[in-house]
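K.L.:
Build me a model from this:
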Amino acid sequence: QVQLVESGGGLVQAGGSLRLSCAASGRTFSSYAMGWFRQAPGKEREFVAAINWSGDSTYYADSVKGRFTISRDGAENTVYLQMNSLKPEDTAVYYCATGRSSLAIKVQVIGSWGRGTQVTVSS
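P.N.:
Okay, here's the model as predicted:
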């Protein structure tokens with residue numbers, strides 16, 4: 001089992017940037033694909049981005065493509081989500097997740113979830 005702890009959320013104005021981090025501990029970090037999801041109030045949890053174990057394959061939701069970038073640091077056992085040009089509709093709780101592959105994460109076949117970090121974008 002992998003334990004995931006997200007950080008980096010907060011309040012930002014529209015057009016601003018935030019970088020989320022997800023620190024992993026437990027089983028070998030490099031064996032897992034990693035991803036981010038988000039859930040806005042009253043809505044279902046949705047896929048945001050995923051990256052495979054080697055970092056050379058990524059997927060993004062259409063709504064964030066070109067604005068968000070997912071990356072991972074194997075030495076730090078951490079995955080990041082750089083969020084630029086934020087919009088009020090990006091407001092949500094953001095969750096980190098593991099999976100067998102980045103494609104598995106995209107279709108929500110998830111191994112472990114973090115507890116989430118709140119991102120609020122004001123207009």
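
K.L.:
Contact partners for G15?
P.N.:
Contacts for G15 (CB atoms under 8 Å, 6 or more residues apart in numbering) come out as 85-86. Placement of C-beta: from N, CA and C, glycine included.

K.L.:
Recalculate using a threshold of 10 Å.
P.N.:
Contacts for G15 were tallied using CB atoms under 10 Å, 6 or more residues apart in numbering; they are 84-87, 121, 123.

K.L.:
what about L103, helix or strand, and which?
P.N.:
helix 102-106 (DSSP states H and E).

K.L.:
Buried residues of the helix or strand of the chain with the lowest mean pLDDT, list them for me.
P.N.:
When each helix and strand of the chain is scored by mean pLDDT, DSSP states H and E, helix 102-106 comes last, with a mean of 90. If you call a residue buried by 16 or more other CB atoms under 10 Å, then helix 102-106 has these buried ones: 102, 104-106.

K.L.:
And for stretch 57-65?
P.N.:
Residues of stretch 57-65 classed as buried under the neighbour-count rule (16+ other CB under 10 Å) are 58-61, 64.

K.L.:
if we can go back for a sec, how about residues contacting the helix holding L103?
P.N.:
Here helix 102-106 makes contact (CB under 10 Å, 6+ apart) with 32-37, 47-53, 55-61, 70, 97-99, 109-111.

K.L.:
Please repeat the previous calculation with a cut-off of 7 Å.
P.N.:
Applying CB atoms under 7 Å, 6 or more residues apart in numbering, the external contacts of helix 102-106 come out as 33, 35, 47, 50-52, 57-59, 97, 99.

K.L.:
Same check on stretch 76-89?
P.N.:
Contacting residues not belonging to stretch 76-89 are listed as 12, 14-25, 29, 34, 36, 49, 51, 67-72, 90, 96, 121-123 [CB under 7 Å, 6+ apart].

K.L.:
Right, I'll call it a day here.
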